[in-house]
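Visitor: have a look; sequence and predicted model below, questions after that.
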Amino acid sequence: MSRNSKLGVRTTRGSARTIRADLGGLAMRCAVIGHPVAHSLSPAIHRAAYQVLGLEWSYQAIDVEPGGLRAFIEGLDGSWRGLSVTMPHKADLVELGETDATVDMLGAANTWVCRDGTIIVRNTDVTGAEAALRARGVTDVEKVVMLGAGATARSVLAAAIGMGAGEAVVMSRSRERSTKILKLADGLGIRVAWLPFESEPPRCNLIVSTVPAGSLIRRAEDLAARANAVFDVVYDPWPTPLAVAGKIAGATVIDGLDLLAGQAVGQVQLMTGYPVPMDVLRSTAQNGLAEHARL
């Protein structure tokens with residue numbers, strides 16, 4: 001059995017009994033925190049992973065207001081194993097545990113884990129984005145257009161660069177607020193340009209939207225027509241105007257559920273030390289979204 005991190009992540013699958021014994025049989029607590037977070041699909045996804053692994057762990061959604069992350073984490077007791085951290089706390093999380101090169105590069109993290117007295121923070125959005133792309137058959141990216149410039153945009157761009165992208169165009173409403181993503185692209189050695197959000201985008205292999213779905217209603221058809229693949233990180237409401245336009249245009253469409261499942265695979269492995277199938281988590285997310293729509 002091999003290990004590839006100080007938290008002892010296993011790269012082989014064990015039986016439920018073996019996994020429970022390895023983890024000491026403890027019923028650990030985990031949660032997703034953000035603001036707002038009440039309608040998060042993460043509880044259903046992580047609970048499905050625990051069922052696969054045979055763990056009686058708990059996972060809930062907890063609303064933590066902006067600026068309250070440090071106080072919340074400092075108030076946790078030893079029963080807590082991990083946190084999935086979403087907006088607006090991804091940048092603040094960087095200061096609350098041992099980081100790695102990816103977190104340092106992006107200036108954002110989405111996972112907090114405490115095990116055997118060691119606290120780490122990691123970013124599974126990058127590996128999750130790559131997994132989402134590959135799951136839809138996108139394996140080679142040369143030129144990518146990014147709509148938006150926040151933490152999620154930086155993570156997906158890093159994934160695209162890791163898959164071969166040599167050129168990026170960032171389209172946002174403020175060049176000043178796009179400094180981090182432009183520096184990231186430049187630091188990773190690719191050609192990068194900035195365009196105002198309402199500009200006409202260039203042709204590309206992949207167009208990625210990290211902006212609210214409604215902001216693209218009037219432009220979705222034109223945007224989708226310029227890309228071989230469309231990745232909209234939004235999953236609720238779904239389908240988004242960009243996803244619909246992408247399907248009509250014959251582009252490969254990757255959605256926010258793909259990203260949610262992909263990044264959750266990494267989080268579960270960091271928290272438990274064991275892998276779970278991405279398709280199980282993707283199916284659970286889809287069912288959860290359907291359930292939300294019925295409420």
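Guide: Right, received. Where do you want to start? Bear in mind the structure is a predicted one, so any value in this text is a computation, not a measurement. Residues are numbered from 1 along each chain as shown.
Visitor: ok, Ala285 touching Ser40?
Guide: No - if you go by Cβ atoms under 8 Å, Ala285 and Ser40 don't touch, sitting 10.4 Å apart. Just so you know, the C-beta spots here come from the backbone N, C-alpha and C atoms, and that holds for glycine as well.
Visitor: spatially central residue for this structure, please.
Guide: The residue lying closest to the centre of the chain (Cα atoms, centre = their mean) is Asp125, at 3.2 Å.
Visitor: give the contact list for it.
Guide: Ala108, Asn110, Ala151, Thr152, Ser155, Val156, Ala159, Leu259, Gln263 (Cβ atoms under 8 Å, 6 or more residues apart in numbering).
Visitor: the first one belongs to a helix?
Guide: No - inclusion of Ala108 in a helix is not indicated when DSSP: H, G, I helix; E, B strand; the rest coil is applied; the result is coil.
Visitor: what about the closest residue to Ser178 other than its chain neighbours, how many neighbours?
Guide: On the basis of Cβ to Cβ, 6 or more residues apart in numbering, the spatially nearest residue to Ser178 that is not a chain neighbour turns out to be Ala149, at 3.9 Å. Per other Cβ atoms under 10 Å, the neighbour tally for Ala149 reads 26.
Visitor: tell me the two of the contacts of Asp125 that are most distant?
Guide: Ala108 and Leu259 (14.5 Å; Cβ to Cβ).
Visitor: what about the residue nearest to Ser178, distance to Arg136?
Guide: 24 Å (Cβ to Cβ, to the nearest Å).
Visitor: one step back: closest one to Ala225 out of the contacts of Asp125, please.
Guide: Ranked by distance to Ala225 (Cβ to Cβ), the contacts of Asp125 are led by Val156 at 20.7 Å.
Visitor: tell me the spacing between the closest one and Ala44.
Guide: 23 Å.
Visitor: the more surrounded of those two?
Guide: The residue with more neighbours, out of Val156 and Ala44, is Val156; 28 against 19, by other Cβ under 10 Å.
Visitor: quick check, the more buried one in a strand?
Guide: No - using three-state DSSP, the secondary structure at Val156 is helix, not a strand.
Visitor: OK, contacts around it?
Guide: Asp125, Val126, Ala129, Met146, Val208, Thr210, Phe231, Val233, Leu259.
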